[in-house]
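Peer 1: have a look at this prediction, sequence included:
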Amino acid sequence: MKVLGIIPCRYGSSRFPGKPLIDLKGKTMIQRVYEGTLKSDLIDKIIVATDDERIYSEVKRFGGDVMMTSVDHENGTQRCAEVSKEFSEYDIVLNIQGDEPLVNFEQLNQLIQVFADDSVEIATLAINTADRHELQNPNRIKVVTDFRKDALYFSRSLIPFERNAAVNFVFQRHIGLYAFRATILHEIVTFPLCSIENIESLEQLKWLYYGKKIRVVETTIETPNIDTPDDLAKVLAYL
């Protein structure tokens, strides 16, 4: 399998405009994401996908590969699909979040390795948690799986509902890294909006709605991302 790692990256975040170019102890965030991804020996090529000349110039400055993409994309999945079509020789496509400056290559390798199973179409990560604050937080996405570890549902709500609190259930929180077979990626970006995606504002629910399987890989690794300016201190402490 040939593996393409794509880092979709836009400048205009509503909660933190310009965050890909913020300085994190001498390197921009996008440089740290790129260099962290390079540590995976299972990824054959890495490309930053952006629609902003400032990000394009920065990636060129530190010697990375970058591609300008359409300004009309609604999400990173669509941006990844555009890049993937230009590199049709790659079988597996990773969507690596551009706000994960501490991205761990072992997580990326975990996702890639599950595609040794020919039945896997899409893969993502989840981590076990008993933290009640996280479980009740609508910004922390929860997931439940079947016996094959394929996702049954993702939700901002606590799932499953604790009707019987005496049951020893292990809750899982979703970590938003994805890997796709290239053919599946090109297919899912053509799917129309559906009601469950719309009401939860979770794109992966559309893929489930239209019959795609999402293999959920359990990980014990979690790294903080930068979603708002308040997240900076946590990441700087790690660095």
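Peer 2: Received the coordinates, thanks.
Peer 1: name the nearest residue to residue 110, ignoring sequence neighbours.
Peer 2: Closest residue to residue 110 apart from its sequence neighbours, by Cβ to Cβ, 6 or more residues apart in numbering: residue 217 at 5.2 Å. Placement of C-beta: from N, CA and C, glycine included.
Peer 1: give me the distance from the strand or helix carrying the one you found to the chain's centre.
Peer 2: Assigned by DSSP states H and E, residue 217 belongs to strand 214-218. Relative to the centre of its chain, strand 214-218 is centred 13 Å away, using Cα atoms, centre = their mean, to the nearest Å.
Peer 1: need the contact list for the residue nearest to residue 110.
Peer 2: Applying Cβ atoms under 8 Å, 6 or more residues apart in numbering, we find residue 217 in contact with 110-111, 114, 123-126, 149.
Peer 1: one more time with 7 Å, if that's ok
Peer 2: Residues near residue 217 by Cβ atoms under 7 Å, 6 or more residues apart in numbering: 110-111, 114, 123, 125.
Peer 1: among these, which two are most distant?
Peer 2: The widest separation within those, taken as Cβ to Cβ, falls between 114 and 125 and amounts to 10.3 Å.
Peer 1: how many neighbours does residue 63 have?
Peer 2: For residue 63, the count of nearby residues is 8 (other Cβ atoms under 10 Å).
Peer 1: same question but for residue 91, I mixed them up
Peer 2: 15.
Peer 1: list the residues that contact the nearest residue to it once chain neighbours are set aside.
Peer 2: Distance criterion Cβ to Cβ, 6+ apart; nearest residue to residue 91, sequence neighbours excluded, is residue 1 at 4.5 Å. Contacts for residue 1 (Cβ under 7 Å, 6+ apart) come out as 91-92, 115.
Peer 1: tell me the SS of the residue most central in space within the chain?
Peer 2: Centroid check for the chain by Cα atoms, centre = their mean gives residue 177 as the closest residue, at 2.7 Å. Using DSSP: H, G, I helix; E, B strand; the rest coil, the secondary structure recorded for residue 177 is strand.
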